[in-house]
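Colleague: what shape does this take:
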Amino acid sequence: MMLVALVIATSIAGTKVACRKSSIQRIDFMVSFREIERYGAMQPQQHTLLETDLLKTFVTISETGNFTVAAKRVFRTPSAVSMQIKRLEELLGRALFVRHPRHVALTADGEAFLVHAKDILRINDEALSRFRVPQLEGRIRFGAPDDFGVRYLPAILSRFASTHPLVEVEVFLSTSVNLSRKFEAGEIDMILTVSAQSNPATDQLIHSEPLVWVGARDGIAFSRTPVPLAMSTHGCPWRAAALAALDRSGHAYRIAYTSETGAGQLAAVMADLAIAPLPVSLVNEQHRKLTEKDGFGEIGSYQLRLQRSPDIGSAGLAFSEHVHESFARQSERGPR
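Modeller: As a prediction, the model looks like this:
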C-alpha cells in the first residue's frame, strides 16, 4: 500500500509540474503575441523588380554624362530624371554616379550595373518584339561588302533571328561593284554598298565615318619616297578619295599592293610594306594613324548605303530595319 501511494503521489506531482510548464509556455506565447501587437510585426522582404523606365534613364545618362541632356532624350524633366536615379540607387543600395558641376560619371558600381541594365533592356525588347510582332516567314537575299559583313553581320543576324526565327536569310559577301551588279540583275533583294555620297532617291544612308591613313605602329613605310600604298581595287570610293587627297597635297606615291578587302590592305600595313586608307574604326593599338604632322592630310568620309528592291516584302522590310538599328547603335558607341 505504501508503494502504491508513493507511485500515485509521484505521478500527481509530475502532472502538476507538466501543467505548470505548459502554463508557462502559454503565458510566454501570450506575452510575445502582445509584444508583436504593440511594436508591430516585421514585414517579410519582397523581391524588388527593376523598372525598365529607370534602366532606360540610367543608360541614357551614362551615355550622355549629363542629366539635362538625358532628360530631353527620355522626354522627362531634369528633376524627374534625378528622382529616378535616386530611386534606383536606393533600390540597389549603391551610388551609381559621381556628381560633378557640369557632368556626371559612373562609379565602379555604376559601371558594373550598366552591363546588367543593358542586358535587361535588350532581353525586354527582344521578348516584346518576339510576341508583339506577327510571325513572318520567307526568304531574304542580302549582300554586304566583305569587311562589313565580318564585322557587323553576326550581331545583325543574331538579333533578327531572335525576333523572326522563321525567316531564311541568304548572305552574299563581295565587293560593292559585284553586289551592285547582282542587285541590278535581280539576284539579291537588298545590298549594303560603299559610296562617296548617298542618293536619297534610290537608297538609304546607313553609316558614315572618316577615312584615315594607317601605317604600322613602329613602321617607316610612310617616310619612303614615293610612299608605297596598299589600295582597294578600281571602282572603290576609298581608293578614289585617297588618291585625290594625295594629288591635292602633291605627295609622291606608288600603288604597291591591291586587295578587294580591308584585311588584305592591313596585311601589307602590318608588314610595314605600305600604308593604306581605312575607316577610323579599324585603327587599333597595332597601327599608327598618320596625320598632317606626318605629311598626310584628311581623306574625307565614306558612306555605307542600303538599297532594297521595291517588292521586298514584309520580311525584307523588317530585316532592313534591323540593319539600320544595328549601325545606329554602333554610331552611338563611336569608333572602337
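Colleague: all strands for the chain, in order.
Modeller: With DSSP state E as the definition, the chain shows strands at residue ranges 97-99, 104-106, 138-145, 167-174, 190-195, 204-216, 227-232, 253-259, 276-279, 287-290, 300-308.
Colleague: deepest-packed of the ones you listed, please.
Modeller: Of these, the one with the most neighbours on average (mean count of other CB atoms under 10 Å) is strand 276-279, at a mean of 26. For glycine as for every other residue, the C-beta is placed from the backbone atoms N, C-alpha and C.
Colleague: may I have that strand exported as CSV, CA atoms only?
Modeller: Taking only C-alpha atoms (Å, rounded to 0.1, in the frame of the first residue of the first chain), the coordinates of strand 276-279 have been written out as CSV:
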residue,chain,number,x,y,z
ALA,A,276,46.5,52.3,-96.5
PRO,A,277,43.4,54.5,-96.3
LEU,A,278,40.9,52.7,-94.0
PRO,A,279,37.9,53.5,-91.8
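Colleague: same for that strand, what does it pack against?
Modeller: Contacts of strand 276-279 with other secondary structure elements, assessed using 3 or more CB pairs under 8 Å, 6 or more residues apart in numbering; DSSP states H and E, are made with strand 204-216, strand 227-232, helix 237-249, helix 262-270.
Colleague: and if we set it to 6 Å?
Modeller: Under the contact definition 3 or more CB pairs under 6 Å, 6 or more residues apart in numbering; DSSP states H and E, strand 276-279 sits against strand 204-216, helix 262-270.
Colleague: residue ranges for the helices of the stretch 51-200 of the chain, please.
Modeller: Along the stretch 51-200 of the chain, counting by DSSP state H, counting those that start in this stretch, helices occupy 52-64, 67-73, 78-92, 108-132, 146-163, 176-184.
Colleague: quick one: which of the ones you listed is nearest V98?
Modeller: The closest approach between V98 and any of the helices of the stretch 51-200 of the chain, judged by CB to CB, belongs to helix 108-132 at 8.3 Å.
Colleague: report the buried residues of the closest one.
Modeller: When burial is assessed from 16 or more other CB atoms under 10 Å, helix 108-132 yields the following buried residues: G110, F113, L114, A117.
Colleague: repeat that for stretch 289-297.
Modeller: Within stretch 289-297, the residues that qualify as buried by neighbour count (16+ other CB under 10 Å) are L290, F296.
Colleague: and the helices and strands packed on strand 276-279 as CSV, adding mean pLDDT?
Modeller: As requested, the helices and strands packed on strand 276-279 are arranged in CSV below (pLDDT from 0 to 100):
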stretch, mean pLDDT
strand 204-216, 90
helix 262-270, 89
